[in-house]
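J.: got a predicted structure plus its sequence, pasted below:
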Amino acid sequence: MTAKFKFTLGVFIITAGIVMGLLNAQTTSPVFGGLFGAREAELEPGDFFTVVDQDHETIDLLGHMVVPGDEIITGEGKRYRIEKTRDRTAYARLLGIDRDVLAWEAYFERATIPVGALGPRRDVGIYHTHSDESYIPTDGTHSIPYRGSIMKVGGRLSNKLTDHGTRTIHDVTPHDPHDAAAYLRSRKTATRMLRQNPIALFDVHRDGIPDPDFYRQQVAGVDIGQIRMVIGRQNPRMSSNLDFAKRLMTYTNKVYPNTVKGIFMGRGSFNQDLMSTALLLECGTYTITRHEAERGVALLADSVPVVLGLTDPGPGFPGIARPIAGRDAASPGAWQALAWILAAAVVGVGGYLVISAGSWEKAIARLKGFWGREMKVLGRGRRNGGNKS
């Protein structure tokens, strides 16, 4: 091989290795995922995916873009993975009952341990990426730019948490327009809220499923809007976000059955990389009343302080053995992303050395010669520095 051909081939191998590293990194880091368009994709109101199982039975409706690899955990704990999509139908495979949900259900059945506060009291942050979202039966439209009634639903969550003695930060900064860049704008709001060291962050939304009965549920004799929790898969804190969602769903449904519809794990990060207790909440859909959505989120608010370890659950309510950490919880995702890139670069450079040298033995000999020369230079520098007076 000519020197020019070896050089061209080496550059190709190095570039291919780095690209492969980035492609793998995007599944664990929103920074690298963003380079490849792994953006949060929510559909327009009335547009949705129908999710069916192996028997073609409908198991869910989703107002988000759905791609293979996304997952669903139902309120009963069944876990499904999307295998393929066609038009607006997603085909899912049942993975079984989620073991964590099953374990927490068993724990809550027998737990009576009171929960202590986590030292200094910390706030719960609430904000709205899609600040225009509204409810047609109450507001006459699904969207009110800059002042959607979803903010009143967030206000109800805030007020109910305050009733339980939990301090809140309810930020009503608008992030319009309702487009793909809304999460970039709301990230500034969430980052600003982090300066107050909250214990959790809730991004409060409503869904776009047209059938009101899909989210409407009777609890304690009144109609409520069910809650869906959404987790971003391109997110280095996904595992801790998901753990928080599982606990909160399981505890809430234990106390108020069927309040939480389930958990959707989809493409994007939804700014959940900012802390391990960040969640996106879909509070009903645009075709139910705002009051139904407020009643649903108020029931969820009864569980939040307990699951976070901020308050004693009170007589007759089960407790949590260990509170969940906040924004500093360890997460390996970012390090995994960096490791993929470094490993790919090493493989690419190694491949180039082998090709240019002609064999493994000659490549290793070149590396040894390089390090030997560098160590000699370093040794002379130290000796010269030590002889100065």
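T.: Yep, that arrived. Numbering: from 1, shown residues only.
J.: who does the closest residue to M238 other than its chain neighbours form a beta bridge with?
T.: In this structure, M238 finds its nearest non-sequential neighbour in I231, 6.2 Å apart by C-beta to C-beta, 6 or more residues apart in numbering. All C-beta spots, glycine's among them, are computed from the backbone N, C-alpha and C. Beta bridges link I231 to M265, judged by DSSP bridges.
J.: quick one: contacts for I231?
T.: Counting by C-beta atoms under 8 Å, 6 or more residues apart in numbering, I231 touches M238, N241, L242, A245, I263, F264, M265, G266, F270, Q272, L279, L280.
J.: so which of those are in helices?
T.: M238, N241, L242, A245 (DSSP state H).
J.: just among these, which is most surrounded?
T.: N241 (29 neighbours; other C-beta atoms under 10 Å).
J.: wait, isn't that one in contact with N235?
T.: Yes - taking C-beta atoms under 8 Å as the definition, N241 is a contact partner of N235 at 6.8 Å.
J.: which neighbours do these two share?
T.: Q272.
J.: which element is V101 on?
T.: In this structure, V101 sits in helix 99-110 according to DSSP states H and E.
J.: which other residues reach the helix or strand that that helix is followed by?
T.: The helix or strand immediately downstream of helix 99-110 is strand 124-127, counting by DSSP H and E. Strand 124-127 is contacted by residues 154, 157-158, 161, 166-173, 186, 189-190, 193-194, 196, 198-204, 304, 308 when judged by C-beta under 8 Å, 6+ apart.
J.: show me which of those residues are buried.
T.: 154, 157-158, 161, 166, 168, 170-172, 186, 189-190, 193-194, 198-204, 304, 308 (16 or more other C-beta atoms under 10 Å).
J.: returning to what we had before: and the helix holding V101, what's buried?
T.: Under 16+ other C-beta under 10 Å, the buried positions of helix 99-110 are D100, V101, W104, E105, Y107, F108.
J.: helices or strands up against that helix?
T.: Helix 99-110 is packed against helix 238-255, with contacts defined by 3 or more C-beta pairs under 8 Å, 6 or more residues apart in numbering; DSSP states H and E.
J.: now the helix it packs on - C-alpha only, PDB.
T.: In PDB, the C-alpha atoms belonging to helix 238-255 read as follows (Å, rounded to 0.1, in the frame of the first residue of the first chain):
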ATOM      1  CA  MET A 238     -32.800   8.000  33.400                       C
ATOM      2  CA  SER A 239     -32.400   5.200  35.900                       C
ATOM      3  CA  SER A 240     -32.900   7.500  38.900                       C
ATOM      4  CA  ASN A 241     -35.700   9.400  37.300                       C
ATOM      5  CA  LEU A 242     -37.400   6.100  36.600                       C
ATOM      6  CA  ASP A 243     -36.900   4.900  40.100                       C
ATOM      7  CA  PHE A 244     -38.600   8.000  41.400                       C
ATOM      8  CA  ALA A 245     -41.500   7.600  39.000                       C
ATOM      9  CA  LYS A 246     -42.000   4.000  40.000                       C
ATOM     10  CA  ARG A 247     -42.100   4.800  43.700                       C
ATOM     11  CA  LEU A 248     -44.400   7.800  43.200                       C
ATOM     12  CA  MET A 249     -46.800   5.800  40.900                       C
ATOM     13  CA  THR A 250     -46.900   2.800  43.100                       C
ATOM     14  CA  TYR A 251     -47.500   4.700  46.300                       C
ATOM     15  CA  THR A 252     -50.100   7.000  44.800                       C
ATOM     16  CA  ASN A 253     -52.000   4.100  43.300                       C
ATOM     17  CA  LYS A 254     -51.800   2.200  46.600                       C
ATOM     18  CA  VAL A 255     -53.500   5.100  48.400                       C
END
